[in-house]
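**Q** Sequence below, structure please.
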Amino acid sequence: MSTTPQHEQQKTFRRRAFVAGAVTAGAAAALVRPAAVRGTSANAKIEIGVIGQGGRGRWISGLFAEHPGYKIAAVADYFPHVANAAGDALGVDKNRRYSGLLGYQRLIDSKVDAVVLETPPWVFPEHARAALAAGCHVYMAKPVACDVPGCLAIAELGKKATQQKKVFLVDFQIRTEPNWQECVKRARAGALGKIALVASHYFDEGWPDPPKTKDISSRFTNLIWVNDVDLGGGMLVNAGIHAIDGSLWILGDQAPVSAVGASRRGRKNPVGDSHDVFSITYEFADGTLLNHVGEHLQNNNAEPFCGCFAYGQGAYFQGEYNGRTWLRGGPQAFKGDTVQNLYAEGARRNIAAFHKSIVEGVYDNPTVAPSVNSTLACILGREAGLAGGKVTWDEMLRAARKIEVDTTGLIQ
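**A** Got it, this is the predicted structure:
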């Protein structure tokens, strides 16, 4: 990988570090209608609680704090010293800093208007369910869950949020990017003709994977949990999902009918069970193929690290997380531009959209269904890689394999 300062900064925050805390955000008007947020006056800020104050949780908390329409009222993290450090930095009252496995519930019970979920995804369904039960809006990192039952739970919670007039946003960045948006719009209008093949890629340096200890809390820091399928879903589900989500967007957010391929653990002295090298081919009902390749090894692999190519009849699309994004060939060609700083700018745009939806009372929650779809597609690819063969979408849903987490010894 490149060692430029910009790349290193993006690499540092590319993944969430765990704790039971996260942030929500927005970026527009500071004034909030009294009906939009529980118990607020006309010019009050939206009070948020951030569950997960690890690397990304702390970083995104800062982005929420930039917005004039929010107040970070509470924080939670599994580790008390992390919650306290975040509270000091964010100006949160000491009696609203929560820790332990159930710190998220204590934060929710303290009465906030919205929660931001920035923990490892194994607890997302539980945390989102509790937040909506308490009447909170939800801002969630990706992926939405680690297994099929978790994904299906989030899908239902998204519908429930709309029924309850609550905002539920999942924070993928690619779909906020203007060049990608223009290319997708033109592709949907036929600019590529019939797409025959999409090729996606995600290359990264991997994460620390030290020996396990007497309980899983040692896996909650420094993104170690990305190595564990039960805590983070595994590397394809947690990292490769960016490229696969962008690919599914180009393909109209249809679900694949099957996946076939292989994967393995290629890192030195692996401890976690996640594979880190992938070659997966998805097939769709219309015959379209999506090939995904990914690796997460310490090898200084160069950019581009994440993106996809779509090959149609007479035109093709190239989209990168950081890099050239354009549509070449045919009468609807688009010269595009170089995508820059998407990690931060995409989060800011999502924070703004979250705020705008709360203030204006827009509860259609359009990010939930495609986020569930892309998470399920990555789980399908993960299962095909583990099987070393073909797995269909219907087989995966029928099996609905639930992944249990051993919480023995954790502080409540």
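**Q** For this protein, give me the ranges with low pLDDT.
**A** Scanning the chain with the threshold set as pLDDT under 70 gives 1-43, 302-303.
**Q** can you tell me which residue is nearest the centre of it?
**A** Note on the chain: the residue nearest the mean C-alpha position is residue 142, at 1.6 Å, using Cα atoms, centre = their mean.
**Q** Let me know whether my guess that residue 213 is in a helix holds.
**A** No - assessed with DSSP: H, G, I helix; E, B strand; the rest coil, residue 213 is coil; it does not lie in a helix.
**Q** what sits against it?
**A** Residue 213 is in contact with no residue at all, counting by Cβ atoms under 8 Å, 6 or more residues apart in numbering. Quick note: C-beta positions are derived from backbone N, CA and C, even for glycine.
**Q** Residue 329 now?
**A** Counting by Cβ under 8 Å, 6+ apart, residue 329 touches 314, 315, 316.
**Q** Go again with 10 Å.
**A** Going by Cβ atoms under 10 Å, 6 or more residues apart in numbering, residue 329 touches 191, 192, 193, 312, 313, 314, 315, 316, 317.
**Q** nearest spatial neighbour of the second one, skipping sequence neighbours?
**A** If I follow you right, that is residue 192. Setting aside the residues directly before and after it, residue 192 is nearest to residue 312 in space (Cβ to Cβ, 6 or more residues apart in numbering), at 3.0 Å.
**Q** One more: the fifth one?
**A** The shortest distance from residue 313 to any non-neighbouring residue, by Cβ to Cβ, 6+ apart, is to residue 193 (3.1 Å).
**Q** for the one you found, helix, strand, or coil?
**A** coil.
**Q** Starting from residue 291, give me the distance back to it.
**A** According to Cβ to Cβ, to the nearest Å, residue 193 stands 19 Å off from residue 291.
**Q** more crowded one of the two?
**A** residue 291 (17 against 14; other Cβ atoms under 10 Å).
**Q** and residue 379, what does it touch?
**A** Each residue near residue 379 by Cβ under 10 Å, 6+ apart is listed here: 143, 145-148, 150-151, 229, 233-234, 236-237, 241, 259, 391, 396, 401, 403.
**Q** Can you flag the buried ones in those residues?
**A** Buried by 16 or more other Cβ atoms under 10 Å: 143, 145-148, 150-151, 229, 233-234, 236-237, 241, 259, 391, 396, 403, out of the contacts of residue 379.
**Q** looking at it, the residue nearest to residue 192 is touching residue 187, isn't it?
**A** Yes - Residue 312 is within contact range of residue 187, at 7.8 Å (criterion: Cβ atoms under 10 Å).
**Q** Need the residues touching each of the two.
**A** 193, 195, 250, 327.
**Q** Turn the residues you listed into a markdown table, including distance to residue 61.
**A** Shown next, in a markdown table, are those (distance: Cβ to Cβ, whole Å):
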| residue | distance to residue 61 |
| --- | --- |
| 193 | 45 |
| 195 | 39 |
| 250 | 32 |
| 327 | 37 |
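**Q** Tell me the most packed of those residues, by neighbour count.
**A** Sorting these by how many neighbours each has (other Cβ under 10 Å) puts residue 327 first, at 26 neighbours.
**Q** Name the helix or strand for that one, please.
**A** strand 323-328 (DSSP states H and E).
**Q** quick one on the thing from earlier: need the max-distance pair from the shared contacts of residue 312 and residue 187.
**A** 193 and 250 (13.0 Å; Cβ to Cβ).
**Q** Overlap in contacts, these two.
**A** If you check residue 193 and residue 250 against Cβ under 10 Å, 6+ apart, the residues they both contact are 187, 312.
**Q** so what's the residue lying farthest from the centre of the chain closest to, chain neighbours aside?
**A** Relative to the C-alpha centroid of the chain, counting by Cα atoms, centre = their mean, residue 331 is the outermost residue, at 34.7 Å. In space, residue 331 comes closest to residue 191 once its chain neighbours are excluded; the distance is 7.9 Å by Cβ to Cβ, 6+ apart.
**Q** which ones are touching that neighbour?
**A** 183-185, 312, 314-315, 317, 327, 329-334.
**Q** switch to 6 Å and redo it
**A** 315, 327, 330, 332 (Cβ atoms under 6 Å, 6 or more residues apart in numbering).
**Q** List the ones among those residues that fall in strands.
**A** Taking DSSP state E, the ones among the contacts of residue 191 that sit in strands are residue 327.
**Q** Among the contacts of residue 191, name the buried ones.
**A** Looks like those have 315, 327, 330 buried, using 16+ other Cβ under 10 Å.
**Q** separation between the second one and residue 254?
**A** Same thing as residue 327. 20 Å.
**Q** Kindly report the same for residue 374.
**A** 11 Å.
**Q** who has more neighbours, these two?
**A** More crowded of residue 374 and residue 254, by other Cβ under 10 Å: residue 374, with 28 against 13.
**Q** Residue 243 is in contact with that one, correct?
**A** No - using Cβ atoms under 6 Å, residue 374 is not in contact with residue 243, being 9.9 Å away.
**Q** In terms of helices and strands, where is residue 347?
**A** helix 342-360.
**Q** Name the next helix or strand downstream of that helix, please.
**A** helix 368-387.
**Q** So which residues of the stretch 151-300 of the chain form strands?
**A** 168-170, 197-204, 258-264, 277-283, 289-296 (DSSP state E, counting those that start in this stretch).
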